[in-house]
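J.: Got a predicted model here, sequence first, then my questions.
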Amino acid sequence: MSSKTLAGGATAAAALLLGLALSARALALSRRHLVPIFDEVAYLDQARGFARLGGAAAVVQCYWQGRCREDNRHPLYGLLISPAIRVRAGDFAKAKLATLACAWVLIGAAFWAGWRRAGPGAALLAAALAALSPTLAYLSSRVLADVLFAALYVTALEILIAFEGSRWGWLGFGMLSGLAYLSKGTGHLLLLAGAALAWRRRGARAVVSAEAWLAAAGFMFVAGFLLRRNSLLWGEPFHNFNAKVFWLDD
């Protein structure tokens, strides 16, 4: 076995240990947090509503028709945890484990991004910055969409950078941006990164480039049902209850 293979295996093993360290800290915090509070209650209620509707296809139809009117919490996280929600005492614990799983995806995305940018040392540093973050450990012990959003954000940006020369990469970036928007109301701002890269590559022709249109198509394919619901009920595709706070409006 070559030294390069051994070094890569050691780096991956170290990243795995970092993930386990995060899990231990998150689970310790979780054991002291036995009752859902604030947004956690709302996310669990949303997931139970989705479970009653009968699955992802029924939820998409509900939004498409304008019957699902929740305009504060976007639907992806609730959909993610809804299969485990049965209005039982264990629902809260299962939902927290789903958040922890999202943290593992985030660490993996950071590791992959670092590896592609500068090799195994940078990969391990990127994974460590995520895994040793007290904030990530705290959020991973809660029922919140933030960790899912962060994982999708990092993955989308790395797909964009790694595969900027591939049209499939631009389509994948658009779809991941759509998923990020379905998890949090600011996810569509990811498209600005795509627009900036398209401008760097194509200049003024970026607006008519295949890459830009593929990214937009991927976003619309994934998030179009929510954009349609928002347009039907509130007259703006990117409506969100929190937008006034985010933009510091009146």
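T.: Arrived safely, thanks for sending. Residues are numbered from 1 along each chain as shown.
J.: Going by C-alpha atoms from here, please, whenever you check contacts or count neighbours.
T.: Will do.
J.: where does C62 land in three-state SS?
T.: Per DSSP: H, G, I helix; E, B strand; the rest coil, the secondary structure class of C62 is helix.
J.: In this structure it contacts C68, no?
T.: Yes. A contact is recorded between C62 and C68 when judged using CA atoms under 8 Å, the distance being 5.4 Å.
J.: Who are the contact partners of L125?
T.: Contacts for L125 were tallied using CA atoms under 8 Å, 6 or more residues apart in numbering; they are F111, G114.
J.: same thing with R142?
T.: By CA under 8 Å, 6+ apart, the contact set of R142 is S30, E40, K96, T99.
J.: Of those, keep whichever come out buried.
T.: Burial by neighbour count, 16 or more other CA atoms under 10 Å: within these this picks out S30, E40, K96, T99.
J.: looking at it, the third one is touching L139, isn't it?
T.: This means K96. No. The pair K96 / L139 is not scored as a contact, 9.3 Å apart, by CA under 8 Å.
J.: Quick check: N242 touching N72?
T.: Yes. With contact defined as CA under 8 Å, N242 and N72 form a contacting pair (6.5 Å).
J.: could I get the buried ones among the contacts of R142 as CSV with distance to L179 and pLDDT?
T.: Converted to CSV, the buried ones among the contacts of R142 look like this (distance: CA to CA, whole Å; pLDDT from 0 to 100):
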residue, distance to L179, pLDDT
S30, 27, 95
E40, 20, 95
K96, 20, 96
T99, 16, 97
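J.: List just the nearest of these to R86.
T.: Each of the buried ones among the contacts of R142 was checked against R86 using CA to CA; the closest is K96, at 14.6 Å.
J.: Name all residues that make contact with the closest one.
T.: K96 makes contacts with S30, S140, S141, R142, V143, as judged by CA under 8 Å, 6+ apart.
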